[in-house]
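> I'd like to go over a predicted model; first the sequence, then the structure.
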Amino acid sequence: MGVYDNLNIPYSQYLDHHGQLHETCSDYTSDAKNLINFYKIMLRTRVFDQKAINLQRTGKLGTYASSLGQEAIGVALGAAMHANDVLAPTYRDYAVQLSRGIKMSDLLLYWGGDERGMDYEFSREDLPICVPIATHTCHAVGIAYAMKLRKQPRVMVCIIGDGATSKGDFYEALNAAGVWQLPVIFIINNNQWAISLPRDKQSATKTLAQKAVAAEIYAEQVDGNDVIACYERMHEFIERARTGGGPCLLEAISYRLSDHTTADDAQRYRSPADVEAQWQFDPISRLKTYLLENQFIDAEALDALQKQAEQEVEEQVKIYLNTATQPPEAMFDYLYETLPEALQSQRDEVMRKGKKHE
Amino acid sequence: MHQLMFWEAIRRAHDEEMDNDPMVICMGEDIGVVGGTYKATQGLYDKYGPERVMDTPISENGYTGLAIGASFIGVRPIVEIMSVNFAWLAMDQIFNTAAKVRYMSGGQLEAPVVIRSPGGTAHQLGAQHSARMEKVFMGIAGLRVVTPSNPKQAYGLLKSAVRCNDPVFINEHELMYNMKGDVPDDEYFHPLEGLEVARRGKDISLFAYNISVHWCLQAAEILASQYQIDAEVIDLYTLSPLDRKGIVKSVSKTHRAVIVEEAEPTVGVGAEIMAIINEECFYELDAAPARVSAANVPIPYNHRLEKEAIPDVEDVIKTVLATLGR
Ligand SMILES: Cc1ncc(C[n+]2csc(CCOP(=O)(O)OP(=O)(O)O)c2C)c(N)n1
Ligand SMILES: [Mg+2]
């Protein structure tokens, strides 16, 4: 018996891992067109992900954090957010970033070691990837505060991992969001691992969602591999926040099918058999089953989507690989709005040295 | 021109900037209803309301991060961290986000946030309330660090900081809030870069900032009247980026330098200035530059020990005389 067994944090699942639907869908998720779009973006994300890993293995990309198996959370979120809402992502959130129009070539540019990849063409108020864990939870609360102050009907969405929920910033952010009743949604991608630390060693709480209780913030859990349930819950939370309902937290339960990053070897701390067993819960195959069984799409069209995704990724990789590297003195760009005089001589020196190395 | 106390000057800057731009807000612990520990935001809560003058929960990292986040989408927050000793808790936000977000986003975002915080040794506040952290902040690329020595600077630097699109850390001194000084009646913006010659002199350059400017000015008067030594006092109100040219200019004129800081010497402001002097004008020197700094200890709680741990006017005079071989 746990101390707080009676908290009753709701859990939802619409589409089970056999592709069977158990709940009544909203108009949005009843529409085959929208479901096919979910499928398409999950697929694009996965093809992108695989390609990025290949690029890293062949020395054409730096260390890369894969999103394998966690695509549903981001795709649902991308659909539930409005274009002018703001996203504060982690380093594993390509699915939602791609949904929001951020280009694959920019994501590759970033992971290839070039900050210009975080200068997005679209969704320009979305935050760059936050590397320090949970730091962006506080930024999210600040942005939500600004939205409220400016009386804008916008919503701030912040994604974090299960590991991030152990950090002080997260609790500070929740507490402040509760005090000011801000339009901010926290999404926890509970992928069961924080590098080598499993979920049960991360926190003694039965759920991660219940961490919101102490801040008087409403929280639920959802099957994070069920794109339909994710969408339904996120949509409701986001629209509630938009109309003054205050902050919410959603713990999406998923699984990291990949290594933590390409610099990690997960076999050091978990068995391949355990990972293998998780593949049955894969978000993409269950939606595929559902789409096929209900004749929303046929095998041929699915093939076409696959080819389309591969083609897009190839084109984007080309753009990335053809992006010229910056000159050395670019290290002083964007440090200040205008470079202080005192740094000018350092910049000149770097330029001089750089010329010699050309 | 009117005499204002240091806190009144800061309060006035807040008021004018909040009045000028509805996107300027301020936040911190106990800054709203009660107007701040040092009265820097007195009356603003009643004037601008709780949405723009925010009493925050006790969570330095949390509300500093909140301010930084708000600054990403057009708000211009002024954060008061009640004591610089607790700015450590917000270091991740300041160091990893505010100072780096423009850089790491390829210029897409910026964090026009102002963080004000009092530090320094006051009267028996104990080791955890007496730290001087300016040397930590001035080592952070992307962050501007200023430190006013008088009400005019306190007013003008805060105003400029609010308008600046880079993050600015303003280091204030606990003991200076009631200090009086002339502040222009007209709106005034103090430059965020450079230094000020607080007293012209030809025999030796005394480099100081914040409270030590006053020790040096007092010392200079005594040196002039009792020893016929004409000391120049340089007020380094900008600690980052340091005005290298200005430092060199003064040393090239006087050929002697003493750096006076309230903080401990290790990896400090004085060490940095000494390095600049060595790099830029070593051959101008007629004597080895010297530092007047605190002992390398946490500031003691005991009154007597506290006084002994930090430098005073007498130490400045002694060091100047030694540098001049007298
Ligand atoms: C403040 C901080 N501490 C440590 C790290 C190193 N680190 C990078 S990822 C990671 C694990 C994060 O786990 P989780 O929040 O579950 O996210 P996931 O990687 O599983 O998506 C750690 C400890 C960091 N980036 N930031
Ligand atoms: Mg995790």
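That came through fine. Ligands and ions are numbered 1, 2, ... in the order given.

> From here on, just use CA atoms for contacts and neighbour counts.
Noted.

> okay, the helix or strand containing residue A:179 in PDB with CA atoms only?
Here residue A:179, judged by DSSP states H and E, is contained in helix A:168-180. The C-alpha trace of helix A:168-180 is given here as PDB (Å, rounded to 0.1, in the frame of the first residue of the first chain):
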ATOM      1  CA  GLY A 168      14.000  21.800  -8.400                       C
ATOM      2  CA  ASP A 169      13.300  24.000 -11.400                       C
ATOM      3  CA  PHE A 170      10.400  21.700 -12.300                       C
ATOM      4  CA  TYR A 171       8.800  22.100  -8.800                       C
ATOM      5  CA  GLU A 172       9.600  25.800  -8.800                       C
ATOM      6  CA  ALA A 173       7.900  26.200 -12.200                       C
ATOM      7  CA  LEU A 174       4.900  24.200 -11.200                       C
ATOM      8  CA  ASN A 175       4.500  26.200  -8.000                       C
ATOM      9  CA  ALA A 176       4.700  29.500  -9.900                       C
ATOM     10  CA  ALA A 177       2.300  28.300 -12.600                       C
ATOM     11  CA  GLY A 178      -0.200  27.400  -9.900                       C
ATOM     12  CA  VAL A 179       0.100  30.700  -8.000                       C
ATOM     13  CA  TRP A 180      -0.500  32.800 -11.100                       C
END
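
> same for it, what does it pack against?
Under the contact criterion of 3 or more CA pairs under 8 Å, 6 or more residues apart in numbering or on different chains; DSSP states H and E, helix A:168-180 touches helix A:135-149, helix B:60-72.

> Give me every residue in chain A lying close to ligand 1.
A:92, A:131-133, A:160-164, A:191, A:193-195 (CA under 6 Å from any ligand atom).

> helix, strand or coil for residue B:298?
Secondary structure for residue B:298, judged by DSSP: H, G, I helix; E, B strand; the rest coil, is coil.

> quick one, what contacts it?
B:127, B:131 (CA atoms under 8 Å, 6 or more residues apart in numbering or on different chains).

> Could I get the pLDDT score of it?
At residue B:298, the predicted lDDT confidence score is 92.

> Next one: it from residue B:208, what distance?
21 Å (CA to CA, to the nearest Å).

> same question, residue A:164
For residue A:164 relative to residue B:208 (CA to CA), the value is 43 Å.

> more neighbours, these two?
Taking neighbours as other CA atoms under 10 Å in any protein chain shown, residue A:164 and residue B:208 compare with residue B:208 leading, 27 against 22.

> burial of residue B:64, as a residue count?
32.

> thought it was touching residue B:95?
No: the pair residue B:64 / residue B:95 is not scored as a contact, 11.2 Å apart, by CA atoms under 8 Å.

> hang on, the earlier thing: just confirm yes or no for the helix or strand just after the helix holding residue A:179 near chain B.
Note on helix A:168-180: by DSSP H and E, the next helix or strand toward the C-terminus is strand A:184-190. No: contact of strand A:184-190 with chain B is not found when judged by CA under 8 Å from any CA of the partner chain; the minimum separation is 12.1 Å.

> Can you spell out the domain ranges of chain B, please?
Per automatic domain parsing, the structural domains of chain B span B:2-183, B:196-323.

> Among those domains, show me which one is buried the most.
Comparing the domains of chain B by mean neighbour count (mean count of other CA atoms under 10 Å in any protein chain shown), domain B:2-183 comes out on top with a mean of 22.

> how far does that domain stretch from start to finish?
Termini of domain B:2-183 sit 6 Å apart (CA to CA).

> One more: stretch A:240-247?
Using CA to CA, the end-to-end distance of stretch A:240-247 comes to 9 Å.

> Which positions within it qualify as buried?
A:240, A:241, A:242, A:246, A:247 (16 or more other CA atoms under 10 Å in any protein chain shown).

> per-residue confidence at the last one?
The predicted local confidence for residue A:247 comes out at a pLDDT of 98.

> and whichever residue of the stretch 251-358 of chain A sits closest to chain B, helix, strand or coil?
Residue of the stretch 251-358 of chain A nearest chain B, by CA to the nearest CA: residue A:334 (4.7 Å). The three-state label given to residue A:334 by three-state DSSP is coil.

> for it, what are its contacts?
B:102, B:103, B:106, B:107.

> Where does the stretch 51-200 of chain B get nearest to ligand 2, which residue?
Going by CA to the ion, ligand 2 is nearest to residue B:92 of the stretch 51-200 of chain B, at 20.8 Å.

> okay, and for the chain, where does confidence drop off?
No chain specified, so I'll use chain A. A:1 (pLDDT under 70).

> so what are the domain limits for it?
Taken from automatic domain parsing, chain A resolves into A:11-326, A:327-358.

> among those domains, which is the most enclosed?
Comparing these by mean neighbour count (mean count of other CA under 10 Å), domain A:11-326 comes out on top with a mean of 20.

> does ligand 2 sit close to that one?
Yes: using CA under 5 Å from the ion, domain A:11-326 reaches ligand 2 at A:161, A:162, A:191, A:193, A:194.

> which one of these is nearest residue A:27?
residue A:191 (29.1 Å; CA to CA).

> is it true that the closest one touches residue A:161?
Yes: here residue A:191 reaches residue A:161: they are 7.2 Å apart, a contact under CA under 8 Å.

> sorry, back to before: of the contacts of residue A:334, which belong to helices?
Using DSSP state H, the subset of those located in helices is B:102, B:103.

> Can you lay out the contacts of residue A:334 as TSV showing pLDDT?
Formatted as TSV, the contacts of residue A:334 follow (pLDDT from 0 to 100):
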residue	pLDDT
B:102	97
B:103	95
B:106	93
B:107	94
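
> got JSON lines for the contacts of residue A:334, with distance to residue A:16 too?
Converted to JSON lines, the contacts of residue A:334 look like this (distance: CA to CA, whole Å):
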{"residue": "B:102", "distance to residue A:16": "43"}
{"residue": "B:103", "distance to residue A:16": "44"}
{"residue": "B:106", "distance to residue A:16": "42"}
{"residue": "B:107", "distance to residue A:16": "44"}
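
> Which parts of chain A are helices?
In chain A, the helices defined using DSSP H lie at A:27-30, A:32-57, A:71-80, A:94-99, A:104-111, A:135-149, A:168-180, A:199-202, A:227-242, A:272-278, A:283-293, A:299-321, A:341-356.
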